[in-house]
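S.K.: Quick check, what structure comes out for this input:
(chains A and B, ligands or ions: 2)
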Amino acid sequence: MSVKINEKVTWRDITPGGTIYDAGNSSEFKTGDWRVLKPVFVEEKCKQCLLCAPVCPDSAVPVENKVRGEFDYDHCKGCGICMKVCPFDAIQMVSE
Amino acid sequence: MPIRDRLSGNEAISVAMRQINPDVVAAFPITPSTEIPQYFSKYVADGVVDTEFVPVESEHSAMSACIGAQGAGARSMTATSSCGLALMWEMLYIASSSRLPITLACVNRALSGPININADHGDSMGARDSGWIQIYSEDNQEAYDNFIQAVRIGEDERVMLPVMVCQDGFITSHGVENMDLLEDKEVKEFVGEYTPKHYLLNPQEPIAMGPYATDKYYMEHKRQQVEGMKEAKEVVLKVAKEFEKISGRKYGFFEEYMLEDAEVALVAINSTAGTIKATIDEMRNEGKKVGLLKIRLFRPFPGEEISKALKDVSVVGIMDRSETFSTQGGPLFFETRSALYDNPNRPKVVNYIYGLGGRDISTKDIRKVYEELYEIKMGKEVEETCTYLGVRE
Ligand code: SF4
Ligand code: SF4
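M.R.: Ligands and ions are numbered 1, 2, ... in the order given. Model prediction:
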């Protein structure tokens, strides 16, 4: 069963109880709009050790072909865990 | 063939549970509903049912376990009373909003404090807006019959809502009565297998239940839940018709007792309806045209139908066994009176708060109420719309 849950869905079509039938639907929901601090990626300092990616609770550090990319600000909550874990100061937290 | 037996209301529910043979029963003991899981756990121990019995450490956990089990695809049940129901509060809403047709036996008891263990509708009335279907039972027979029907009502695809079947603590839960039981086979066939469309243990369809709904989605969910309630009315009648076929016993939204030509009438729920019927029988013998409307289905509230049933009565007294502290009356009063408001020749409506914490109510008390309704009919000024019956002044 595949029902597109978005801000246009009516009460008739929304899934009962909000049950989610498709994996990975978080890509359709921008939940990262209430940060106070935001991580900034300092690319030249990054050694691609990839320690930051698995610790992010919101999967907001995308990795492709073993290379981390720019933060996914649609989902990043600004918790700063990635900054703490980065051994090379390649992540800075700044005011949103 | 009906089986004649004499059982307490709690035994009757546990027999219904045994005959239904649910997948999961999770419960925590609380007076006066303790006996239900107690009797039932013996059935489990004796192997006469193959239910997974989950003895939990609180009612919050009991409802949580039912939610988890029902979500996984298992038919789940529990029983509770009073503060036990109050402790389930948070989870009651999760059950209904997740559209999980759990069945709960609620044995009505007063809420603390001061501590009191007797009949009072404060517990279930407090849960009336939690999205559960609520059915009330006058006696042991009705508790048994309603419980079996509840399974089918809640699980109907159009409804998919949890159902609470209420009866009065001690008065019916512990009072033994002669009653007719259905054959095990009949109950089994009547309730059938629980076959949810979507469930967590289905390997063909991995799903996530109970997600976060922001303001962009929450209202659509609530509106959809209301639709389940609206549909429930038709389903309640459909299930009642089918139940009549196997039991010979008729059920509807409410029962009208001598209401057709009644000049004054009472509206009540649960066991007091029996006391009122006895009073009506006495008074009818004296030529007084008194009647009763006993509400069976309280959620959803069959307002239009009630209004129609009371259209020719000039004075209606509404009996509430719970207090709202609004200082304007009880919950049954609010809803019934509101339903009557659009009636072009709406009757005079007064409210009696009675029987709190198990205070006895006799035919003598009911007679006094009917007499007062007659006085109002004859033109007596109503000083206070809501009064207390049986309180020491
Ligand atoms: S700040 Fe927190 S949420 Fe944002 S990318 Fe870093 S770890 Fe993830
Ligand atoms: S932890 Fe720091 S250095 Fe390692 S990949 Fe992440 S940003 Fe780059």
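
S.K.: Near residue A:58, how many residues? Count them for me, please.
M.R.: Per other C-beta atoms under 10 Å in any protein chain shown, the neighbour tally for residue A:58 reads 16. C-betas here are computed from N, CA, C, even on glycine.

S.K.: Likewise for the one 3 residues further on?
M.R.: As a burial measure, residue A:61 scores 22 neighbours (other C-beta under 10 Å).

S.K.: Check the gap between it and residue B:51 for me.
M.R.: Using C-beta to C-beta, to the nearest Å, one gets 47 Å for the distance from residue A:61 to residue B:51.

S.K.: ok, residue B:28 to residue B:18 distance?
M.R.: Counting by C-beta to C-beta - residue B:28 and residue B:18 are separated by 20 Å.

S.K.: ok, those two, which is more surrounded?
M.R.: residue B:28 (24 against 20).

S.K.: isn't the more buried one right next to residue B:56, touching?
M.R.: Yes - counting by C-beta atoms under 8 Å, residue B:56 is a contact partner of residue B:28 at 5.3 Å.

S.K.: Residues that sit against both of the two, list them.
M.R.: Residues touching both residue B:28 and residue B:56 (C-beta atoms under 8 Å, 6 or more residues apart in numbering or on different chains) are residue B:62.

S.K.: Spell out the residue ranges of the strands in the stretch 1-150 of chain B.
M.R.: B:3-8, B:24-27, B:52-55, B:76-80, B:103-108, B:133-136 (DSSP state E, counting those that start in this stretch).

S.K.: Out of those, which is the most enclosed?
M.R.: strand B:103-108 (a mean of 31; mean count of other C-beta atoms under 10 Å in any protein chain shown).

S.K.: before we move on, back to that, tabulate the strands of the stretch 1-150 of chain B in a markdown table, adding columns for mean pLDDT.
M.R.: A markdown table is the format used below for the strands of the stretch 1-150 of chain B (pLDDT from 0 to 100):
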| stretch | mean pLDDT |
| --- | --- |
| strand B:3-8 | 97 |
| strand B:24-27 | 98 |
| strand B:52-55 | 98 |
| strand B:76-80 | 98 |
| strand B:103-108 | 98 |
| strand B:133-136 | 98 |
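
S.K.: what about the residue located most distally from the centre of chain A, helix or strand, and which?
M.R.: Taking C-alpha atoms, centre = their mean, the residue of chain A most remote from its mean C-alpha position is residue A:12, at 30.4 Å. Residue A:12 belongs to no helix or strand when elements are defined using DSSP states H and E.

S.K.: Figure out the helix or strand that the residue lying closest to it once chain neighbours are set aside lives in.
M.R.: Using C-beta to C-beta, 6 or more residues apart in numbering or on different chains and skipping residues adjacent in sequence, the residue nearest residue A:12 is residue B:224, 7.3 Å away. In this assignment (DSSP H and E), residue B:224 forms part of helix B:218-247.

S.K.: burial of residue 23, as a residue count?
M.R.: Because you didn't say which chain, this covers chain A. 9.

S.K.: could you do chain B instead?
M.R.: 18.

S.K.: How much space separates the closest residue to it other than its chain neighbours from residue B:28?
M.R.: Take residue B:23 and drop its neighbours on the chain: the residue closest to it by C-beta to C-beta, 6+ apart is residue B:74, 3.5 Å away. Distance of residue B:74 to residue B:28, given as C-beta to C-beta: 19 Å.

S.K.: Over to residue B:91?
M.R.: Taken as C-beta to C-beta, the span from residue B:91 to residue B:28 is 12 Å.

S.K.: And residue A:20, by the same measure?
M.R.: On the measure of C-beta to C-beta, residue A:20 and residue B:28 end up 31 Å apart.

S.K.: Stretch A:23-30 - what's its average pLDDT?
M.R.: Stretch A:23-30 shows a mean pLDDT of 82.

S.K.: residues contacting the residue nearest to residue B:23?
M.R.: Residues near residue B:74 by C-beta under 8 Å, 6+ apart: B:22, B:23, B:24, B:52, B:194.

S.K.: again, but for residue A:45
M.R.: A:88, A:89, A:90.

S.K.: Compare these and tell me which is most surrounded.
M.R.: Most neighbours among those, by other C-beta under 10 Å: residue A:90, with 21 neighbours.

S.K.: Contact residues of chain A facing ligand 1?
M.R.: A:39, A:56, A:58, A:60-61, A:71, A:76-82 (C-beta under 6 Å from any ligand atom).

S.K.: Among the residues you listed, name the buried ones.
M.R.: Buried subset of the residues of chain A next to ligand 1 (neighbour count, 16 or more other C-beta atoms under 10 Å in any protein chain shown): A:39, A:56, A:58, A:60, A:61, A:71, A:76, A:77, A:78, A:79, A:81, A:82.

S.K.: Walking through the stretch 201-350 of chain B, point out its helices one by one.
M.R.: Applying DSSP state H, counting those that start in this stretch to the stretch 201-350 of chain B gives helices spanning B:218-247, B:272-285, B:303-309, B:331-340.

S.K.: any chance of the contacts of residue A:45 in TSV, plus distance to ligand 2 and pLDDT?
M.R.: Listed next are the contacts of residue A:45 as TSV, based on distance: C-beta to the nearest ligand atom, whole Å; pLDDT from 0 to 100:
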residue	distance to ligand 2	pLDDT
A:88	4	97
A:89	8	97
A:90	4	98
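
S.K.: Name all residues that make contact with the spatially most central residue of chain A.
M.R.: The residue lying closest to the centre of chain A (C-alpha atoms, centre = their mean) is residue A:60, at 2.5 Å. Residue A:60 sits next to A:32, A:71, A:72, A:73, A:75, A:76, A:77 when contact means C-beta under 8 Å, 6+ apart.

S.K.: In a helix, it, correct?
M.R.: No - secondary structure of residue A:60 (DSSP: H, G, I helix; E, B strand; the rest coil): coil, not part of a helix.

S.K.: thinking again about what came up before, show me which of the contacts of residue A:60 is closest to ligand 2.
M.R.: residue A:71 (9.8 Å; C-beta to the nearest ligand atom).

S.K.: wouldn't that closest one be in contact with residue A:61 here?
M.R.: Yes - contact status for residue A:71 versus residue A:61: in contact at 6.5 Å, counting by C-beta under 8 Å.

S.K.: and the stretch 151-300 of chain B, which residues reach chain A?
M.R.: B:160, B:198, B:205-211, B:213, B:216-217, B:219-221, B:223-224, B:227 (C-beta under 8 Å from any C-beta of the partner chain).

S.K.: so residue B:30 makes contact with residue B:80?
M.R.: Yes - assessed by C-beta under 8 Å, residue B:30 is found in contact with residue B:80 at 5.9 Å.

S.K.: Name the spans of chain A whose pLDDT lies under the cut-off.
M.R.: For chain A, the stretches flagged by pLDDT under 70 are A:1-3.

S.K.: Helices of that one, start to end?
M.R.: Along chain A, the stretches classed as helices by DSSP state H are A:52-55, A:81-85.
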